[in-house]
Each structure stands twice: as C-alpha cells, then as structure tokens.
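> Predicted coordinates and the sequence they were generated for:
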Amino acid sequence: MNKINKSISVSGKLTVFFEAPFWVGVFERVSGGRLSVCKVTFGAEPKDYEIYDFILKNYYRLRFSPAVAADVKEVGRNPKRVQREVRKQVQNIGIGTKSQQALKLQQEQLKTEHKTVSREQREAEKQRQFELKQQKRKEKHRGR
C-alpha cells in the first residue's frame, strides 16, 4: 500500500482600509493555489479586538467569491523581511488586483442570481394576474 501525502497549503489575509464613508475589510483565502475573496463592511473604524471577535464568530458565514488561479510562493522567510513587507502593506492603500477580480466575479454572480429570481417573481405575478382576470371573466359570464 502506497500512501501519498499531499499537503495543501491554506493561508488567509485580512486587509482593513477606509473606503469613504465606511471601513471595509477584505478577506483573502488562498487554498491549493486558488484565491477566493470576501468583502465585509464594518462601518465605524473597528478596533483590533472587534476584528478578532468578528473573525471568530462570523468567518464560517462569510460568502467567498469563486476561486481564481493565484501564484503561491512557499519559502522559508526571514522575520525581518516579513516585518518590512507588513509595514509596506499597511502603508499601501487598497487591495490587490487578483482580489479585485475575484470580488468583481462574485458581484457579477450575485447580480445574475438576483436577475433570475426577480424575473421568476415577475412572471409568477403576471401568471397570477392573468388567472385572476380569467376567473373574473368566468364569474361575469355565469351571472347572465
């Protein structure tokens, strides 16, 4: 029996930034070389403990976008370099282009879902009105 161990790397990142007039958080999840993203609006500026609490309570309820292919680098990293990169990212405003693409994809998907649901509701209402009109015509015809 040959056992094949495949290790799947999963990493997550949260970027919080101000997008007038609200504070917004973008969760990025890279799993198996695929990136999926979720955008959350916080409202007022969240404190660190509020963000931590939000992650603990609501992470599994987040609706992530469909996965997009992403480049993943897996190497041992120098802690000072990591600290410099973190500082650089904190100063950087906005979110990555891959994340933006994933968010756009999710937005388009939700838009098409909403269109189909509203179309079905509209058609059902038309059908109901038609049946009501037919029923009224039959009642009028009976009462000669």
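Alright, I've got the coordinates.

> among the helices and strands of this structure, which has the poorest mean pLDDT?
Of the helices and strands making up the chain, the lowest-confidence element is strand 68-69, at a mean of 78, by mean pLDDT, DSSP states H and E.

> what packs against the next helix or strand after it?
Heading C-terminal from strand 68-69, the first helix or strand you meet, by DSSP states H and E, is helix 79-91. Based on contacts counted as 3 or more CB pairs under 8 Å, 6 or more residues apart in numbering; DSSP states H and E, there is no element that helix 79-91 packs against. Placement of C-beta: from N, CA and C, glycine included.

> So which residues lie in contact with the least confident helix or strand of the chain, not counting its own?
33-36, 98, 101-102, 105 (CB atoms under 8 Å, 6 or more residues apart in numbering).

> Taking the residues you listed, please make a ChimeraX selection of just the buried ones.
Buried residues among the contacts of strand 68-69 (16 or more other CB atoms under 10 Å), as a ChimeraX selection:
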select :35,36,98,102,105
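
> and Ser118, how many neighbours does it have?
When neighbours are defined as other CB atoms under 10 Å, Ser118 has 10 of them.

> Which element, helix or strand, includes it?
Taking DSSP H and E as the definition, Ser118 sits inside helix 97-142.

> Just flag the most distant two among the contacts of strand 68-69.
Taking CB to CB as the measure, the contacts of strand 68-69 reach their widest spread between Gly33 and Leu105, a distance of 16.8 Å.

> rewinding a little: got CSV for the contacts of strand 68-69, with pLDDT and distance to Glu45 too?
Below are the contacts of strand 68-69 laid out as CSV (pLDDT from 0 to 100; distance: CB to CB, whole Å):
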residue, pLDDT, distance to Glu45
Gly33, 78, 34
Arg34, 84, 31
Leu35, 86, 27
Ser36, 88, 26
Lys98, 78, 26
Gln101, 79, 27
Ala102, 82, 25
Leu105, 84, 28
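
> and of the contacts of strand 68-69, the nearest to Glu113?
Nearest to Glu113 among the contacts of strand 68-69, with distances taken as CB to CB, is Leu105, at 12.8 Å.
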